[in-house]
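Undergrad: sequence and predicted structure are below.
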Amino acid sequence: MRSPAALLALAAVLGAAACTADDRHTLPDPAGPPVAATLTTTFTRAPGHLTWAWTLRNDEPRDIAVFSGTMAGDDGSGSSADEGAWVVPRDSRTVEVSQRLLGPAPNVGLARYHSQYGTVLATGTEVSGTATVRLPLRLSHPYASAFEPALALPDEPDRVIFCVGVGRAADHQPMSRPSASAAPGLYTAADGTAPAHARKALYLLGQNDRQHLVCARPEEL
């Protein structure tokens with residue numbers, strides 16, 4: 001995912017805490033209500049990068065939100081599809097590469113919260129995408145500077161897992177659309193390989209980004 005150039009300003013900061021290896025390898029639990037969705041992936045390993053080509057099908061009897069888009073620019077520009085991905089610690093051995101919503105550390109307030117695009121997907125339909133990350137893996141998180149102890153990948157990870165964040169569309173209300181002059185037609189159709197009846201939506205990367213993660217099998221590093 002691509003971050004805007006503007007720096008984050010902390011309005012409140014966590015108290016100092018002792019930093020251990022386990023502290024650096026944990027994130028707030030993202031688990032939300034289970035969502036029925038099928039993720040199919042093709043994994044490719046190259047000398048300088050890892051790539052997952054993926055397709056996700058909505059198996060719910062209702063619309064779901066798929067949080068796989070780019071971060072929104074100040075003018076509302078952005079896409080519901082992205083080839084980038086967040087790279088975060090899953091545990092002391094595993095790196096998570098994901099296209100999903102991520103929030104700041106608990107009990108940290110920010111002067112500004114980022115927003116990210118996603119796709120609202122109808123029952124029985126699919127959306128596809130690609131996620132590519134460079135090797136060696138480097139931490140990528142929209143609020144990385146807001147964590148204390150500092151967020152860090154495992155020192156010697158031995159596996160990587162790819163996930164896509166989803167949620168029931170009714171539980172994740174989109175933000176107001178940007179002005180028509182800034183982003184004309186942004187909500188009228190999906191882009192990329194999304195079907196015509198899918199639609200874009202803009203979501204806030206806030207503190208309560210509880211979603212269901214649909215994950216591929218772990219790959220050895």
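TA: Nice, I can see it.
Undergrad: do you know the pLDDT at residue 118?
TA: The model reports residue 118 with a pLDDT of 87.
Undergrad: what's across from it in the sheet?
TA: Under the criterion DSSP bridges, residue 118 forms beta bridges with residue 201.
Undergrad: how about the contacts made by it?
TA: Going by C-beta atoms under 8 Å, 6 or more residues apart in numbering, residue 118 touches 65, 66, 67, 68, 69, 80, 200, 201, 202, 203. Yep, even glycine has a C-beta here, placed from its N, CA and C like the rest.
Undergrad: same list, those, but as a markdown table with neighbour count, distance to residue 55 and pLDDT please.
TA: Formatted as a markdown table, these follow (neighbours: other C-beta atoms under 10 Å; distance: C-beta to C-beta, whole Å; pLDDT from 0 to 100):
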| residue | neighbour count | distance to residue 55 | pLDDT |
| --- | --- | --- | --- |
| 65 | 25 | 17 | 92 |
| 66 | 30 | 11 | 93 |
| 67 | 25 | 16 | 92 |
| 68 | 30 | 11 | 90 |
| 69 | 26 | 16 | 85 |
| 80 | 28 | 15 | 70 |
| 200 | 24 | 18 | 76 |
| 201 | 24 | 20 | 81 |
| 202 | 21 | 23 | 82 |
| 203 | 23 | 21 | 86 |
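Undergrad: take these and keep only those in strands.
TA: 65, 66, 200, 201, 202, 203 (DSSP state E).
Undergrad: ok, back up a step: could you dump the contacts of residue 118 to CSV with distance to residue 114?
TA: Shown next, in CSV, are the contacts of residue 118 (distance: C-beta to C-beta, whole Å):
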residue, distance to residue 114
65, 17
66, 18
67, 13
68, 15
69, 12
80, 16
200, 16
201, 15
202, 11
203, 10
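Undergrad: how far does stretch 160-176 sit from its chain's centre?
TA: The gap between where stretch 160-176 is centred and where its chain is centred comes out at 8 Å by C-alpha atoms, centre = their mean, to the nearest Å.
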